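S.K.: 3D model of this:
(chains A and B)
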Amino acid sequence: MITRSAAHSRVHRTFSRHLKVMVGVKRVIDYAVKIRVKPDKSGVETANVKMSMNPFDEIAVEEAVRLKEKKVATEIIAMTVGPTAAQEQLRTALAMGADRAVHVVTDAETLPIHVAKLMKAVCEKESPDLVILGKQAIDDDSNQTGQMLAALMDWPQGAFASAVSIKDGGLEVTREVDGGLETLAMKLPAVITADLRLNEPRYATLPNIMKAKKKKIDKFTTDELGVELKQHLKVLSVEDPPKREGGAKVESVDELIDKLRNVAKVID
Amino acid sequence: MMHAIKPARKLGVFRRALAHRLLSSSPLAGAEEAVSVDIFNPSPEHAALREMVRSFVNAEVEPQALQYNREERFNHALFRRAGELGLLGVTVDPEYGGAGMDATAACIVHEELSASDPAFCLSYLAHSQLFVNNLARNGSADQRARWLPAACRGEAIGGMGMSEPGAGTDVLAMRTTAKKQPDGGFLLNGAKMWITNGCVDDTQLGDLYLVYARTAGADVKPSKAVSLFLVEKGMRGFSLGQRIKDKCGMRASPTAELVFEDVHLPAENLVGAEGGATVCMMRNLEIERVVLAAMAVGIARRSLEVMNSYASERKAFGQPLSSFGQIQRHVAESYAEYMAGKTYLYQTSNALDLESAGNRLDTDGVKLFCTTMGKNVADRAVQVLGGYGYIGDYVVERLWRDSKLLEIGGGTLESHHKNMVRELAGVQRMP
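M.R.: Here you go, the predicted model:
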């Protein structure tokens, strides 16, 4: 009892009365869809394809909602950059527990640097104490936006977070690294990117789906936020990965080594 | 009586969807535009509901379905989980713990659940439609406030009693009676048969039942002689009769007989007016038929998916099965019938006002068409899979057994024929 009230007052003292969390949400082709390359090789087919929230962003939203349930966070803003239809993914975030949303409406192809700059512009309007993003989106697998946003804001970052806790007015972020687990302490405001094992996202319940309909979504254009979407990359061609060819059986270890050396040429 | 093809409003939605499909020859037509005119998901909330139920089904319903069917057991924990997700009160006013959605939303949940576990879905139907929606539409504000919140949360499990050992389709021939007592209450005597959720295991009753009983003698015409009562577990004289075991399908959904021996019902357990239950019954039977049709559509979809992928993967004589004309006929006819049934279903549900009664023609029509369609598609799936189709691990065997019930329960095919021909007698021009 004593420890709980002590912890409680510490949270209040440190964050005053308000801790705002912003979460990034991206509309991507659903993870279960079999991706098809367009016949003209300009990209992948997205017409009449099921779209969903990037799974790592669901984990980010879930973490924010848990912080709010623990009475650490007081407000959650979901943000997306994308076409009008990306509103569906914002509604999903609102149904999971975000309080309101910001939609930067654009039909343009966006690179991580564009999204990071647009998020920076929204951070300057909203002044969140914490930004949580998925570690990467499953469409382009860039894994850059969170890091770029932290650099642009000059905020500390905890990428690939597998555990997050509030400690001494700042964050303790556990990261999965090659050698094991690394724990970082950082001050707020900060940027976190969510790894797969951070949590298991909930389903939006039906009453919350209905409530989400009434929550507010503010819309901006990229011009209104003063960000120019300068294209730094040009896609020349998108192609299917080469078909996997069937293997061959070898009789002995010697033959295997010989094939690896002289046919596959993977050893000297 | 007016026939049931009414609403220009909803036909409008349907025409727009059709026009969209016809006009959008470009494959690059925006996906969001297609979603907004989809009659299967007429609003973003319907789409989100379908999405949520599908995730729930994949993660929690599918993994338990075969086992609970084999063991002939009701999964009470899964039922409560459906309550946590807000699925038990889809059509109930939020004031009483529901989501305040429509008939189409109810169809979406039934279709999705039934694509994995029709038996669990049948128990879900008996609770959420036959009990919960019935009380939400026909009960007083006090009755709704008293019983609906716990039922919507899944803390209480409900069912409905209409059929009797000696009266099924001829429902008004029921012999269960409720005699008015000097204190304003009623004394209930008789038995109800084939009650889904009549028990939760081999020895225990469910919690709450809506029971139809005669409150007038033979001098009153049957349509004015029946009343609706809420009967609670624990009332003296209310007991579990036969536990109906060894059903062909729907084995994870418990079925039982309810027995009433001098059960004293207080006046506040009378739902609707005394002698006025026929309209309650009709109103509730309409949505029941529509969601049963939705269950058949779910069975058809799953069966079609299973046979379609098997036909393209399995080889015979050096060719995939899908290259053989006999198999092509199974797959193609199944798809066309499935889409016809599904479109008829959602057109009907989009037009169905839950507060109204008298939507007989198409609520009977969708159940007549979809249930036999579901059974036929499941049968073709078993046939395409051959030996594999006949064993439990490949799912379609279970769906095939479950599908037959839908031609019997909630109105036999023959009762639909009778109702529809009566309605059609007043119709000169077909839609």
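S.K.: could you pull out the helices for the chain?
M.R.: In the absence of a named chain, chain A is used. A:2-15, A:55-69, A:87-96, A:112-126, A:145-153, A:206-212, A:253-262 (DSSP state H).
S.K.: sorry, should have said chain B
M.R.: Using DSSP H, helices in chain B cover B:8-23, B:31-36, B:44-56, B:62-71, B:76-84, B:103-114, B:118-125, B:134-138, B:141-153, B:277-313, B:325-351, B:360-385, B:396-405, B:413-424.
S.K.: so residue B:349 touches residue B:104, yeah?
M.R.: Yes. If you go by C-beta atoms under 8 Å, residue B:349 and residue B:104 touch, sitting 4.4 Å apart. (C-beta placed from N, C-alpha, C; glycine too.)
S.K.: I'd like to know how many residues surround whichever residue of the stretch 251-400 of chain B sits closest to chain A.
M.R.: Residue of the stretch 251-400 of chain B nearest chain A, by C-beta to the nearest C-beta: residue B:309 (11.8 Å). Counted with other C-beta atoms under 10 Å in any protein chain shown, residues neighbouring residue B:309 total 11.
S.K.: And the pLDDT for it?
M.R.: Per-residue confidence at residue B:309 stands at 96 (pLDDT).
S.K.: returning to what we had before: now the helices of chain B as JSON lines including distance to residue A:135?
M.R.: As requested, those are exported to JSON lines (distance: least, C-beta to C-beta, whole Å):
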{"stretch": "helix B:8-23", "distance to residue A:135": "38"}
{"stretch": "helix B:31-36", "distance to residue A:135": "26"}
{"stretch": "helix B:44-56", "distance to residue A:135": "21"}
{"stretch": "helix B:62-71", "distance to residue A:135": "28"}
{"stretch": "helix B:76-84", "distance to residue A:135": "29"}
{"stretch": "helix B:103-114", "distance to residue A:135": "31"}
{"stretch": "helix B:118-125", "distance to residue A:135": "36"}
{"stretch": "helix B:134-138", "distance to residue A:135": "45"}
{"stretch": "helix B:141-153", "distance to residue A:135": "36"}
{"stretch": "helix B:277-313", "distance to residue A:135": "33"}
{"stretch": "helix B:325-351", "distance to residue A:135": "39"}
{"stretch": "helix B:360-385", "distance to residue A:135": "41"}
{"stretch": "helix B:396-405", "distance to residue A:135": "40"}
{"stretch": "helix B:413-424", "distance to residue A:135": "55"}
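S.K.: Quick check: nearest residue in space to whatever residue of the stretch 51-200 of chain B ends up closest to chain A, chain neighbours excluded?
M.R.: Proximity to chain A, evaluated over the stretch 51-200 of chain B using C-beta to the nearest C-beta, is greatest for residue B:86 at 3.4 Å. In this structure, residue B:86 finds its nearest non-sequential neighbour in residue A:206, 3.4 Å apart by C-beta to C-beta, 6 or more residues apart in numbering or on different chains.
S.K.: Need the per-residue pLDDT for the one you found.
M.R.: Note on residue A:206: pLDDT of 95.
S.K.: That one and residue B:49 touch, don't they?
M.R.: Yes. Residue A:206 is within contact range of residue B:49, at 6.1 Å (criterion: C-beta under 8 Å).
S.K.: got any residues that touch both of these two?
M.R.: residue B:101 (C-beta atoms under 8 Å, 6 or more residues apart in numbering or on different chains).
S.K.: Could you tell me the angle between the lengthiest strand in chain A and helix A:55-69?
M.R.: The single longest strand within chain A, with elements called by DSSP state E, is strand A:157-167. Following axes from the mean of the first three to the mean of the last three C-alpha atoms, to 10 degrees, one obtains 20 degrees for the angle between strand A:157-167 and helix A:55-69.
S.K.: and strand A:157-167, which residues are buried?
M.R.: Judged by neighbour count (16 or more other C-beta atoms under 10 Å in any protein chain shown), strand A:157-167 contains these buried residues: A:157, A:158, A:159, A:160, A:161, A:162, A:163, A:164, A:166.
S.K.: burial count for the nearest residue to the second one once chain neighbours are set aside?
M.R.: In space, not counting the residues next to it along the chain, residue A:158 is nearest to residue A:173; the distance is 3.2 Å by C-beta to C-beta, 6+ apart. Around residue A:173 there are 25 other residues, counting by other C-beta under 10 Å.
S.K.: Which among the helices of chain B is found nearest to residue B:179?
M.R.: Closest to residue B:179 of these, according to C-beta to C-beta: helix B:277-313, at 15.5 Å.
S.K.: Report all helices and strands that the closest one contacts.
M.R.: For helix B:277-313, the elements it packs on are helix B:103-114, helix B:118-125, helix B:134-138, strand B:226-232, strand B:319-320, helix B:325-351, helix B:360-385, helix B:396-405, judged by 3 or more C-beta pairs under 8 Å, 6 or more residues apart in numbering or on different chains; DSSP states H and E.
S.K.: what's in contact with the last one?
M.R.: The set of residues external to helix B:396-405 that reach it, using C-beta under 8 Å, 6+ apart, is B:65-66, B:69, B:118-119, B:122, B:247-250, B:296, B:299, B:302-303, B:306-307, B:371, B:374-375, B:378-379, B:381-382, B:385, B:389-392.
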